[in-house]
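In: model this:
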Amino acid sequence: MEVITTHRNVDFDALASVFAAKVLFPNAVAMLPQSLNSNVRSFLSLHKDHFPFVTVKDLDLNDIRRLIVVDAGQWSRIEGRESLSERKDLELFVIDHHAPGDIRADPLICRPVGAAVTLILNKVREEGSPPLSPIQATLFISGIYEDTGNLTFPSTTAEDARAVAFLLDQGADLNLVRDHLRSAYNPAQKEILFDMLRDERRISQNGYDVCIGYRRIEGHAPGLSLVMDMYHDMNGADATFGIFVDPGRAQVIVIGRSRPNTLDIGAIMKNFGGGGHPNAGSALLKSWTEQDPVQWITDLVKAGGKSPVQIADLMSFPVTTVTTGTSMKDAALLLREKGCTGLPVEEYGKVVGIISRRDFRKARKAAQMKSPVSAFMSSKVVHIRPDSPIGHAVSLMVNHDIGRLPVIQDGKLIGIITRSDAMRYFYDLMPE
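Out: Numbering: from 1, shown residues only. Just a heads-up that it's a prediction; the model follows:
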C-alpha cells in the first residue's frame, strides 16, 4: 500500500501538498493527522467528497510499503511515527521546503521555496499530468497564499509566483481562497489573547525585543495559531512566543512568530523537537515545569540557538512495561497494540531487562512463545538519567546498538527515550 501524509496541525499548505501529491500518485491513499487547523477542518467538512482521506486509526500501518511525506521532514511531526520510523522495509519519499530533517528518504525533493505545494506542482507540470479541476486549483493556490502571505513573505520565490500563475490558468478562484484562509475569531480565542496581553513578559536579548505570553489551557484548544498571529501583530515585538500549558496532559505547546530578518523561529523550534519557517513555527513538549519554557526561550535567543534541552524534555511517559513472567506471546501482542518496538522488563519495581522485536527472532517455535520473556530478553540494561543531554543518549545508542533507553531516577523508571526521539533533535551528531 502507498500512502501520502503530512505533519500534525494540518494547515492549507500541508493539505494542498497531500492532494497535489495524489495527482502524481493517483493510487496512493491520503492519510491526514487527526489534528487540523480550524480553517482546514471547515474546508474539508464542505469538500470531503472531492478530497477523500483516511486517518491513522483507519489503516494497519504495517501494510504500508511506501510512505510519501509532504511539507515535513522530521519524524516527530508525523502521526504514527512510532510504528513507521524504525521500519527498514519502508520506502520513503519526502517533498518538503524546510531544511532536511531526520526522515532519510530516497528520493528527497527539498528546496527553499515559499510553499511545499509549489515543489509538487513543478512535478505535476513536468510530468504532463491531466488538467486540474477548478476545485483542486483553488485548494492548491490557498496553500501557496497561506505560506507566502499572498506572495509577500521574504521566503517567497519566483517558483511560487509561477505556480500561482499556473493555478489561475487552471481556474483557481481567488474569492474562495480569501474565504478559505479567513479563520473565525471566537470568544475563547479572544479570552486567551486578552490574558496573554495582560500577563506578557518582555525581554531584550542580542538586540531583539522578544515578547513571551503564557496561558494555561485545558484539553484541545483550536485556533491557537490565529491567536498568535493577532498577539504578534498587536505587541510590536521583533519576536513573539506563546506558551500554552495543558496540566491535564502534562504537555506544553510553544508557538513562535517573528518579523522578517530578525529571529529564525523555525531554527529555534527545532531545538524543541518542532519546526517551521524563519518567521513562524511551533513545537510540542512532552514534559515540563511551569518556568522551563520561558527560561528555555530566553536561553535560546541569548545563545543564538544552542539547545538546553535535556532527556526529561524529550522522553515519553508513563512507560508500558512487562514483568519477567509475562509470556512471549502476551509481550508480542502488547508490542503490536502499543505500536512500539521494545518494552522494559521489571521485577519488584526494578528494570532488569529489555524485550525487543529482534528478541522474537529467537523464539521460532510455537512452544517458545509460551515461555516467559526472561528467557529471551536482554538483561544488560543501558539506561540514562533525566538530566542528561541528548547527545549522551545518542552516544549510548550508537555504542551499544540499541534503539531505546529507560530513563531512571533514584532507581525508578520514569520514562523512555527512543532512537527516533533523539534523532529528531540531533541527527547531525549521529556518526557516519
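
In: For the residue nearest the centre of the chain, which residues are in contact?
Out: Nearest to the centroid of the C-alpha atoms of the chain, with distances taken as CA atoms, centre = their mean, sits Arg77, at 1.3 Å. Listed by CB atoms under 8 Å, 6 or more residues apart in numbering, the contact partners of Arg77 are His7, Arg8, Gly274, Gly275. Using the backbone N, CA and C atoms, a C-beta is placed for each residue, glycine as well.

In: Out of the residues you listed, grab the one that's most surrounded.
Out: Among those, His7 has the most neighbours (other CB atoms under 10 Å), with 28 neighbours.

In: so that residue bridges to which residues?
Out: Ile78 (DSSP bridges).

In: my guess is it meets Ser76, correct?
Out: No - under the criterion of CB atoms under 8 Å, His7 makes no contact with Ser76, lying 9.2 Å away.

In: what's the longest helix anywhere in the chain packed up against?
Out: Longest helix in the chain by number of residues (criterion: DSSP state H): helix 134-148. Here helix 134-148 is seen to pack against helix 12-24, helix 38-47, helix 116-126, helix 158-169, helix 174-181 when contacts are counted using 3 or more CB pairs under 8 Å, 6 or more residues apart in numbering; DSSP states H and E.

In: So which bits of stretch 369-388 are buried?
Out: Buried positions in stretch 369-388, judged by neighbour count with 16 or more other CB atoms under 10 Å: Met369, Pro372, Val373, Ser374, Phe376, Met377, Ser378, Val381, His383, Ile384, Pro386, Ser388.

In: The fourth one: what secondary structure?
Out: The reference is to Ser374. Judged by DSSP: H, G, I helix; E, B strand; the rest coil, the three-state class of Ser374 is helix.

In: need the contact list for it.
Out: By CB under 8 Å, 6+ apart, the residues touching Ser374 are Thr324, Gly325, Val345, Gly353.

In: Buried deepest among the helices and strands packed on helix 134-148, which one?
Out: helix 12-24 (a mean of 26; mean count of other CB atoms under 10 Å).

In: who's in contact with the helix or strand that that helix is followed by?
Out: Toward the C-terminal end, the helix or strand that comes next after helix 12-24 (DSSP states H and E) is strand 29-30. Identification of contacts with strand 29-30 by CB under 8 Å, 6+ apart yields 1-5, 18-19, 22, 51-54, 59.

In: what's around Asn279, how many residues?
Out: Around Asn279 sit 22 other residues, with neighbours defined as other CB under 10 Å.

In: give the contact list for it.
Out: Neighbour list for Asn279: Phe153, Pro154, Ser155, Arg257, Ser258, Arg259, Pro260, Ile265 [criterion: CB under 8 Å, 6+ apart].

In: isn't the fifth one right next to Pro278, touching?
Out: Yes - with contact defined as CB under 8 Å, Ser258 and Pro278 form a contacting pair (7.2 Å).

In: Comparing the two, which residue is more hemmed in?
Out: Neighbour tally, Ser258 and Pro278, criterion other CB under 10 Å: the higher count belongs to Ser258, 24 against 19.

In: which one is the more buried one nearest to, not counting chain neighbours?
Out: With CB to CB, 6 or more residues apart in numbering as the criterion, Ser258 has its nearest non-adjacent residue at 4.0 Å, and that residue is Ala239.

In: and the gap between that neighbour and Pro278?
Out: In this structure, Ala239 and Pro278 are separated by 11 Å, where distance is defined by CB to CB, to the nearest Å.

In: which residues are common contacts for those two?
Out: Ser258, Ile265.

In: quick one, what contacts the closest residue to Leu139 other than its chain neighbours?
Out: In space, and not counting its chain neighbours, Leu139 is closest to Ala16: 5.3 Å by CB to CB, 6+ apart. If a contact means CB under 8 Å, 6+ apart, then Ala16 has Ala115, Val117, Leu139, Phe140, Ser142, Gly143, Ile144 as its contacts.

In: what's near enough to touch the fourth one?
Out: With contacts defined as CB under 8 Å, 6+ apart, the neighbours of Phe140 are Ala16, Phe19, Ala20, Val117, Leu121, Leu132, Ala163, Leu167, Ala172.

In: now the first one: how far from Ala161?
Out: Here Ala16 is placed at a distance of 16 Å from Ala161 (CB to CB).

In: Repeat that for the second one.
Out: To Ala161, Phe19 is 21 Å away according to CB to CB.

In: Also the third one?
Out: Look at Ala20 and Ala161: by CB to CB, they are 17 Å apart.

In: cool, and Gly266?
Out: Distance from Gly266 to Ala161, by CB to CB: 22 Å.

In: Same question for Val373.
Out: Counting by CB to CB, the separation of Val373 from Ala161 is 59 Å.

In: With Gln34 instead?
Out: On the measure of CB to CB, Gln34 and Ala161 end up 34 Å apart.

In: among the contacts of Ser374, who's most crowded?
Out: Val345 (25 neighbours).

In: can you pull out the helices in the stretch 151-300 of the chain?
Out: With DSSP state H, counting those that start in this stretch as the criterion, the stretch 151-300 of the chain has helices at 158-169, 174-181, 187-199, 224-235, 265-270, 292-303.

In: Switch those helices over to CSV; also include distance to Leu334 and mean pLDDT.
Out: As requested, these are arranged in CSV below (distance: least, CB to CB, whole Å; pLDDT from 0 to 100):
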stretch, distance to Leu334, mean pLDDT
helix 158-169, 47, 96
helix 174-181, 43, 79
helix 187-199, 39, 85
helix 224-235, 35, 85
helix 265-270, 33, 82
helix 292-303, 32, 71
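
In: between those helices, which gets nearest to Arg216?
Out: helix 187-199 (8.9 Å; CB to CB).

In: What are the contacting residues of the closest one?
Out: Outside helix 187-199, the residues that reach it (CB under 8 Å, 6+ apart) are 213-215, 217, 221, 223-224, 226-227, 230-231, 234-235, 242.

In: Please convert the buried members of these into PyMOL selection syntax.
Out: Applying 16+ other CB under 10 Å to the contacts of helix 187-199 leaves a buried subset, and the PyMOL line that selects it is:
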select buried, resi 213+214+215+217+223+224+226+227+230+231+235+242
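
In: distance of Asp63 from Met31?
Out: As defined by CB to CB, Asp63 lies at a distance of 12 Å from Met31.
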